[in-house]
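J.: Show me the folded form of this:
(one chain, ligands or ions: 1)
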Amino acid sequence: MSEQSASGTDRSGVVVIDLYSGRGGVGHALDGLEINHVGVDIEDYADDYPGEFIQGDASAVEWLLDALTDYLEADTVILWMSPPCLRYTPLTQINAARYGWDEGEIERRYPGFEELNVRDVVAAINPDEYIIENVPRCDELEEPTRVNGLAFGLPFDLERHFETSFSAPHAVERGEPDLTMSTRDNYNNTEYQRRELAEAKSVPTDWPEQSVHSAIPPEYVQYLLHYCPASDGVSLPESLRQRPLSDHFVARADGGNSRAVDTATDQQGDT
Ligand SMILES: C[S@@+](CC[C@H](N)C(=O)[O-])C[C@H]1O[C@@H](n2cnc3c(N)ncnc32)[C@H](O)[C@@H]1O
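T.: Numbering: from 1, shown residues only. Prediction:
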């Protein structure tokens, strides 16, 4: 990792702790921004994750503090969390209806923020800034910033919500995406669709479909870190700078919670 980023800003004292990292959609984005990072996932993605990786349970607070000791000594710690979202996705509701699950079955099958100790982990790590990502229907996020691909001229919608410890405006554009991916039938897409989405998200094209789906695109990461006071000098994504800001971009810190965009589109909401 170089001391100077491409923008000439020294980010050597900054580390992003990338919890629930998966194979590393966020990790690849951080590499591109030349920001130090470490991924943590319960699965062993050491061979895929770009850079340092620790396998373990990100909801185990004591273990986490111990495993991350060296990283927590950095000058500036940014915590990124992408906890599993199956508790909150439309696909889960569809399956519950399709298979006649009893009341409470969704909660028994899929851990939510409470079971994953999300708030306890934030408190224990006590980062300079944090970002918690999830799907639009996740009601655990407090005043999230809404972001989708069309806002950056990307060929997919993929709206995601981000609770941030700092203020960032929404970046949501409405329209017809070129790439629509079915998640209703458990990722029953063609090989061609999987590859196209991987390319559009700038992740390796040999990743399995679920990893491609759940990967956060680099534009979203760069956009949020642009507003993060702890990651100095991250510019807005080029694709956004080239596009005029429309009425759809609404200041999050608007006081009155007036949102110019609707949240109806979360069909791609499984990660
Ligand atoms: C939404 S995906 C992460 C996607 C990632 N942010 C990206 O951009 O590629 C959620 C990840 O959480 C992991 N996971 C689930 N339970 C976990 C736990 N208790 N501790 C750590 N990781 C866990 C899963 O293995 C999965 O890789």
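J.: Flag every residue of the protein that's near the ligand.
T.: Residues of the chain lying close to the ligand (C-beta under 6 Å from any ligand atom) are 20-26, 41-43, 57-59, 82, 84, 214-216, 271. (C-beta placed from N, C-alpha, C; glycine too.)
J.: Now restrict those residues to buried residues only.
T.: Taking 16 or more other C-beta atoms under 10 Å as the criterion, what is buried in the residues of the chain next to the ligand is 20-26, 41, 58-59, 82, 84, 214-216, 271.
J.: From those, which land in strands?
T.: Those of those mapping onto strands are Asp41, per DSSP state E.
J.: Which members of the buried ones among the residues of the chain next to the ligand are the farthest-apart pair?
T.: Pairwise distances across these peak at 21.2 Å for Ser59 and Ala215 (criterion: C-beta to C-beta).
J.: Excluding sequence neighbours, find me the nearest residue to Val16.
T.: Nearest residue to Val16, sequence neighbours excluded (C-beta to C-beta, 6 or more residues apart in numbering): His37, at 4.2 Å.
J.: where in the stretch 1-150 of the chain is pLDDT low?
T.: 1-11 (pLDDT under 70).
J.: all helices of the stretch 151-271 of the chain, in order?
T.: Counting by DSSP state H, counting those that start in this stretch, residue ranges of the helices within the stretch 151-271 of the chain are 191-200, 209-214, 218-227, 238-241.
J.: Out of these, which one sits most buried?
T.: helix 218-227 (a mean of 23; mean count of other C-beta atoms under 10 Å).
J.: Show me what it is packed up against.
T.: Packing contacts for helix 218-227, counted by 3 or more C-beta pairs under 8 Å, 6 or more residues apart in numbering; DSSP states H and E, involve helix 25-32, strand 145-147, strand 160-164, helix 238-241.
J.: could you give the angle of the helix or strand that contains the residue nearest to Val16 to helix 25-32?
T.: Following DSSP states H and E, one finds His37 within strand 36-41. If you take axes from the mean of the first three to the mean of the last three C-alpha atoms, to 10 degrees, strand 36-41 sits at 170 degrees to helix 25-32.
J.: Thanks again, I'm all set now.
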